[in-house]
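In: One predicted model, sequence on top.
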Amino acid sequence: MSQIVVGHLESDGKAINLPLGFVPDFLLIFNAMAAATEVFAVVWFGSEMGDSKEIQFKALEDSGTSSGLTLDYVESGAYISAYDTTAVDKGTSNDDDDPVRVAGFQGVTIHADFSDDSDELWYLAINADKVKDHGDINA
């Protein structure tokens, strides 16, 4: 079953572990406060791209007169990576009062360099029913 999460947060200027309940197959993050020439949006296709790979949208230098919007595919040092940990406490009845404790986390980590303190971020995360890699398509 697919899942879609839309959200908003205010950055503290540090790395952000964003808990989604799943590692998304598609993620769009928008930084409304990005300054000129900074990355204001990233698109990440989850496991199809892998960690530290993404498409970056960079802001205009000034009203579009000196340079246009740029899009870059980045293969290393990007801003998004999967964050998927497993439970660390199985909570058996003889060693724990809590029969089930989930201490794991699923979501993404947003690198500290993507946003500054007090930047407002919006995101769209999708966990798809199917993810298809069609490989090399020959006609």
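Out: Sure thing, it's come through.

In: got a list of contacts for the helix or strand of the chain with the lowest mean pLDDT?
Out: Least confident helix or strand, the chain: strand 70-74 with a mean of 75, by mean pLDDT, DSSP states H and E. Residues outside strand 70-74 that contact it (Cβ atoms under 8 Å, 6 or more residues apart in numbering) are S52, K53, E54, I55, Q56, F57, K58. C-beta coordinates here come from the backbone N, C-alpha and C atoms, glycine included.

In: hmm, which of the residues you listed are the buried ones?
Out: Neighbour counting with 16 or more other Cβ atoms under 10 Å marks K53, E54, I55, Q56, F57, K58 as buried within these.

In: and the helix or strand harbouring the third one, what does it pack onto?
Out: This points to I55. Following DSSP states H and E, one finds I55 within strand 54-58. In terms of contacts (3 or more Cβ pairs under 8 Å, 6 or more residues apart in numbering; DSSP states H and E), strand 54-58 is packed against strand 39-44, strand 70-74.

In: which one of those is the most hemmed in?
Out: Highest mean neighbour count among these (mean count of other Cβ atoms under 10 Å): strand 39-44, with a mean of 21.

In: Now do that one and strand 70-74, the angle between them.
Out: 50 degrees (axes from the mean of the first three to the mean of the last three Cα atoms, to 10 degrees).

In: So what touches strand 39-44?
Out: By Cβ under 8 Å, 6+ apart, strand 39-44 touches 24, 26-32, 34, 53-59, 78-80, 108, 114.

In: For the protein, which segments count as helices?
Out: 46-49 (DSSP state H).

In: and the gap between the nearest residue to D12 once chain neighbours are set aside and F26?
Out: Once flanking residues are discounted, D12 sits nearest to D117: 5.7 Å by Cβ to Cβ, 6 or more residues apart in numbering. Note on D117: its distance to F26, by Cβ to Cβ, to the nearest Å, is 28 Å.
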